[in-house]
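Engineer: curious how this folds, go ahead:
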Amino acid sequence: MKKLADLDLSRTETLLKGVFIPASPAVLNELMAELRSPMTNGKKLAALVNKDAGLTAGVLKSVNSPLFAPSTPIVAVADAINLLGFTMLGNLVLETLLRTTIRCHDASLERFWDNSVHVAAVSRRLAQQLKGTRPDTAYTFGLLHDCGIPLMVQRFPNYKEVLKQANTSTDECFTGIEERALDTNHAIIGCILARSWGLSDELSEGILCHHEYSVLDGSTHLAEESRTLIAINAIAQHVAGTHLRTTQDAEWGKAREHVSHYTGLSATDLDDLVDDMLFKLDQEKNRMKGSKTT
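Structural biologist: Model (predicted):
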């Protein structure tokens with residue numbers, strides 16, 4: 001198992017295998033500094049986002065989606081902050097910047113981003129029930145956990161074939177299949193991006209190990225929050241995949257027993273939790289559809 005300490009900056013080029021990691025956008029650095037300031041307020045944060053029309057549009061599009069389902073349309077960044085809070089504003093900015101910064105001319109990546117946002121939203125809700133991490137942190141993890149995939153698509157012409165094999169394997173670790181074919185994997189790439197964009201060690205190391213479900217079984221070097229994020233993410237991936245009809249049962253099959261052990265939930269309890277999340281997603285989707293026709 002790779003550790004965060006293994007990803008020493010002096011070895012980054014070796015680990016990347018030529019994959020390009022985009023620099024953290026300046027506006028994200030400004031926003032994160034403002035969020036850390038004890039003197040911050042909604043007016044300052046809204047003004048920072050509103051300096052970029054594209055960023056403003058992206059935030060408003062996200063907050064008005066069925067995943068947040070506001071009772072009335074949100075038309076200003078300040079209103080989004082009032083609804084979701086400071087940290088979630090940061091997440092919506094991060095989502096928009098990821099889409100615009102990691103560019104790849106591939107239609108399938110739109111489905112990838114849609115899936116990531118659904119995983120993030122479900123993770124946020126799961127964290128409210130399972131505890132062990134903040135809901136906003138779980139959202140960030142869900143958004144970023146697979147961010148190495150589009151970067152791998154950019155770098156390796158045959159990556160989509162490798163990805164298909166990894167998605168359908170019922171016995172081999174997802175990242176093991178990537179490493180055998182390409183000598184690196186999307187979890188390493190995602191971890192390096194998370195670190196370079198200033199995210200916490202708990203998030204970065206969780207991303208590094210998010211396909212290594214055995215870390216949920218017992219003694220490990222991982223921080224407890226990292227393990228919680230991995231468990232929540234595994235459930236959320238299954239829920240989002242089922243809801244969007246893109247689920248890979250092979251991956252949930254590898255994760256389910258480990259998640260059950262870590263969370264203390266029986267197989268039946270896990271199924272009930274998944275069904276509850278799916279019901280809420282369908283309910284909100286239908287409500288948003290209804291509001292558009294009235």
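Engineer: in the protein, which helix is the longest?
Structural biologist: The residue-count maximum for a helix in the chain (DSSP state H) belongs to helix 267-293.
Engineer: distance from the chain centre to that helix, please.
Structural biologist: 19 Å (C-alpha atoms, centre = their mean, to the nearest Å).
Engineer: list the contacts of M32.
Structural biologist: 90, 198 (C-beta atoms under 8 Å, 6 or more residues apart in numbering). (Glycine included, C-beta is placed from N, CA and C.)
Engineer: helix, strand, or coil at it?
Structural biologist: helix (DSSP: H, G, I helix; E, B strand; the rest coil).
Engineer: where are the low-confidence patches of the chain?
Structural biologist: Within the chain, the segments meeting pLDDT under 70 span 1-13, 104-108, 246-248, 288-294.
Engineer: what ranges do the strands span in it?
Structural biologist: Applying DSSP state E to the chain gives no strands.
Engineer: could you list the domains of it?
Structural biologist: Residue ranges for the domains of the chain, per automatic domain parsing: 22-101, 108-294.
Engineer: quick one, which of those is packed in tightest?
Structural biologist: domain 108-294 (a mean of 19; mean count of other C-beta atoms under 10 Å).
Engineer: how about E30, nearest residue that isn't a chain neighbour?
Structural biologist: L48 (6.0 Å; C-beta to C-beta, 6 or more residues apart in numbering).
Engineer: can you redo the domains of the chain as TSV with distance to L15?
Structural biologist: Shown next, in TSV, are those (distance: least, C-beta to C-beta, whole Å):
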stretch	distance to L15
domain 22-101	16
domain 108-294	6
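Engineer: what about the residue nearest to E30, distance to P25?
Structural biologist: Remark: distance between L48 and P25 (C-beta to C-beta, to the nearest Å) = 12 Å.
Engineer: got the contact list for V63?
Structural biologist: 70, 74, 80, 83-84, 92.
Engineer: please narrow these to those residing in helices.
Structural biologist: Going by DSSP H, the helices hold 80, 83-84, 92 from those.
Engineer: closest one to T175 out of those residues, please.
Structural biologist: T175 lies nearest to L92 out of these, by C-beta to C-beta, at 28.5 Å.
Engineer: doesn't G58 make contact with the closest one?
Structural biologist: Yes - using C-beta atoms under 8 Å, L92 is in contact with G58, at 7.4 Å.
Engineer: which residue ranges form the helices in the stretch 1-150 of the chain?
Structural biologist: With helices called from DSSP state H, counting those that start in this stretch, the stretch 1-150 of the chain shows them at 12-16, 26-36, 42-50, 53-63, 77-84, 86-101, 108-130, 135-144, 148-155.
Engineer: of all those helices, which one comes closest to S219?
Structural biologist: Nearest to S219, of the helices of the stretch 1-150 of the chain and by C-beta to C-beta, is helix 108-130 at 20.9 Å.
Engineer: quick check: angle from the closest one to helix 148-155?
Structural biologist: 160 degrees (axes from the mean of the first three to the mean of the last three C-alpha atoms, to 10 degrees).
Engineer: quick one: which of the domains of the chain is nearest T14?
Structural biologist: Evaluated with C-beta to C-beta, the domains of the chain place domain 108-294 nearest to T14, the distance being 9.1 Å.
Engineer: how much space between V274 and S65?
Structural biologist: As judged by C-beta to C-beta, V274 and S65 stand 21 Å apart.
Engineer: for R111, same thing?
Structural biologist: 15 Å.
Engineer: could you do A23 as well?
Structural biologist: For A23, the distance to S65 - C-beta to C-beta - is 28 Å.
Engineer: what do you get for E257?
Structural biologist: 33 Å.
Engineer: and if you look at S226?
Structural biologist: Distance from S226 to S65, by C-beta to C-beta: 28 Å.
Engineer: could you do G54 as well?
Structural biologist: Distance of G54 to S65, computed by C-beta to C-beta: 17 Å.
Engineer: what does L163 give?
Structural biologist: For L163 relative to S65 (C-beta to C-beta), the value is 26 Å.
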